[in-house]
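I'd like to go over a predicted model; first the sequence, then the structure.
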Amino acid sequence: MEKQGKSIDKDQLYGILETRNVKYVQFGLEQRFPTWYGSTAYFQLSTRKLGLRDPDGRLPSRGSASSSGKKAKSFHTHPEVSEYWLDTLYVCEYCFKYTDVGKELQEHGTQCPYRFKTPGRIQYRSPELSIRKVSGSRHTLFCQCLCLFTKLFLDNKSMYFKVDHYDFYIVYDTGSKKPMAFFSKDLVSYQKNNLACILTLPPYQRRGLGTLLMDFSYKLSVRDGLISGPEQPLSPFGLVSYLKYWSTLVCFQVLEGELQGESRITAEDISKATGMRVSDVLLTLRSLECLTQNQEISLQILRQRFKNHKQYSHAFINKDLLILDN
Ligand SMILES: CC(=O)SCCNC(=O)CCNC(=O)[C@H](O)C(C)(C)COP(=O)(O)OP(=O)(O)OC[C@H]1O[C@@H](n2cnc3c(N)ncnc32)[C@H](O)[C@@H]1OP(=O)(O)O
């Protein structure tokens with residue numbers, strides 16, 4: 001989501017800070033974890049106080065998220081400002097509103113509307129997990145708060161407020177109202193990206209939720225007849241997770257899917273069968289070390305690799321459980 005490559009000077013991007021400035025997130029009443037990256041976007045730069053509160057000091061109410069500072073320049077780090085600006089950011093685990101006062105989170109938690117009703121429309125439902133599509137233009141404040149939160153775990157993100165051109169796909173435990181992971185998707189993507197930004201909330205990582213969402217994003221783009229992929233550049237965690245997902249997808253299509261039985265296969269064939277971009281197919285084949293010196297695909301090596309990946313396809317979307325909008 002408006003992530004920027006290394007070629008662009010990060011100092012020009014609003015919200016980016018090279019050091020962590022919030023030490024911990026208190027997420028709901030029970031979960032507490034350290035942040036990964038700094039963010040100025042939560043703050044008024046002149047005071048380093050949280051910047052998006054109502055004038056009377058309360059948590060922002062529905063539809064009132066200020067875009068104050070939107071046009072502000074990024075904050076340049078100096079040695080003397082390397083300390084934390086805030087020890088603990090208290091964040092609602094249902095709606096991502098935030099405060100620096102613990103008691104306010106407690107009070108908010110009992111009445112948060114998102115605790116009683118999840119936003120958006122259901123698009124996938126298994127006995128364990130559900131995915132809901134939430135429109136950035138309809139649930140603006142919720143999506144803005146989600147984007148602000150994401151910045152604490154993704155360093156090259158600079159979009160927080162202009163959410164109305166995105167849909168957000170959010171994973172819940174079926175029956176629960178607590179978001180666990182999400183990805184955003186441009187309503188119109190000229191680069192034909194099927195995913196702009198993905199985050200699994202720290203308490204829920206390494207459970208296959210990222211893989212589930214990646215697979216879901218391809219189900220959407222393949223349904224639309226697109227060869228597609230995520231917005232570039234990927235973060236280091238994004239790259240390692242995508243490579244694992246792509247490896248399983250490629251092996252599966254070649255050995256047990258549409259391409260099984262073929263004696264010679266090209267990257268273009270795999271792209272058509274999977275909906276992946278040719279560049280992503282080649283990256284995956286290289287990481288699996290199954291390209292020969294002539295850049296041909298060695299099915300023998302791919303078969304060996306699949307042994308390590310096959311069990312991983314359990315984290316994929318079960319097509320029969322999709323409930324997609326028309
Ligand atoms: C286009 C973009 O948005 S790029 C930005 C990507 N997002 C971020 O970097 C934000 C912070 N990171 C995250 O939110 C998460 O790490 C994600 C979304 C990248 C992955 O989410 P998860 O739900 O943890 O992924 P999932 O459980 O499906 O893991 C898939 C595989 O990726 C690899 N992987 C994921 N995280 C890690 C990690 N921290 N260390 C090593 N390998 C990892 C592993 O191979 C893992 O499989 P395994 O757990 O069986 O070993």
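On my side now, so go ahead.

rest of the way, CA atoms for contacts and neighbours
Noted.

which stretches of this structure form helices?
102-111, 113-116, 140-151, 209-223, 236-255, 267-274, 278-287, 299-309 (DSSP state H).

so which of these is the most packed in?
Most buried of those by mean neighbour count (mean count of other Cα atoms under 10 Å) is helix 140-151; its value is a mean of 23.

what about that helix, average pLDDT?
Mean pLDDT, computed over helix 140-151, is 95.

For that helix, C-alpha coordinates in CSV please.
Below are the C-alpha coordinates for helix 140-151, written out as CSV (Å, rounded to 0.1, in the frame of the first residue of the first chain):
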residue,chain,number,x,y,z
THR,A,140,-13.0,4.6,7.1
LEU,A,141,-12.0,5.0,10.7
PHE,A,142,-11.6,1.3,11.3
CYS,A,143,-9.4,1.0,8.2
GLN,A,144,-7.3,4.1,9.0
CYS,A,145,-6.7,2.8,12.5
LEU,A,146,-5.7,-0.6,11.1
CYS,A,147,-3.2,1.1,8.7
LEU,A,148,-1.7,3.1,11.5
PHE,A,149,-1.3,-0.1,13.6
THR,A,150,0.3,-1.9,10.6
LYS,A,151,3.1,0.7,10.4
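
on that earlier part again, what's the closest of the helices of the chain to Gln191?
helix 209-223 (12.5 Å; Cα to Cα).

which other residues reach the closest one?
171, 181-183, 194-195, 198-200, 227-229, 241-242, 245, 275-276, 315-317 (Cα atoms under 8 Å, 6 or more residues apart in numbering).

Of the residues you listed, which are in range of the ligand?
198-200, 241 (Cα under 6 Å from any ligand atom).

and which of these is nearest to Glu93?
Closest to Glu93 out of these is Thr200 (13.1 Å), distances taken as Cα to Cα.

which bits of this structure sit near the ligand?
153-154, 196-200, 205-211, 230-231, 234-235, 237-238, 240-241, 244.

how about a cut-off of 5 Å?
Residues of the chain lying close to the ligand by Cα under 5 Å from any ligand atom are 154, 197-200, 205-211, 230-231, 234-235, 237-238, 241.

can you list the domains in the protein?
2-114, 121-227+316-321, 236-307 (automatic domain parsing).

Can you report the mean pLDDT over the residues of the last one?
Taken as a whole, domain 236-307 carries a mean pLDDT of 93.

Which members of the contacts of helix 209-223 occur in strands, if any?
Under the assignment DSSP state E, the contacts of helix 209-223 contribute 171, 181-183, 194-195, 198-200, 229 to strands.

I'd like the distance between Val91 and Val281.
Going from Val91 to Val281 by Cα to Cα, to the nearest Å gives 39 Å.

meant to ask about Leu45
Between Leu45 and Val281 the distance is 43 Å, computed by Cα to Cα.

What of Leu154?
Leu154 is 25 Å from Val281, by Cα to Cα.

Is Val250 in contact with Thr274, as I believe?
Yes - between Val250 and Thr274 there is a contact at 7.1 Å, judged by Cα atoms under 8 Å.

Need the residue closest to the centroid of this protein.
Ile198 (1.1 Å; Cα atoms, centre = their mean).

per-residue pLDDT, Ser67?
Turning to Ser67, the model gives it a pLDDT of 38.

now swap in the one 3 residues further on and tell me
At Lys70, the pLDDT value in this model is 36.

Over to Ser158?
Taking Ser158 on its own, its pLDDT is 73.

Need the phi and psi values for it.
Main-chain torsions, Ser158, degrees, to the nearest 10: phi -140, psi 20.

separation between it and the ligand?
According to Cα to the nearest ligand atom, to the nearest Å, Ser158 stands 12 Å off from the ligand.

between the helices of the chain, which one is nearest to Thr40?
Closest among the helices of the chain, using Cα to Cα: helix 140-151, at 9.4 Å.

Mind giving me the packing neighbours of the closest one?
Using 3 or more Cα pairs under 8 Å, 6 or more residues apart in numbering; DSSP states H and E, no helix or strand is in contact with helix 140-151.
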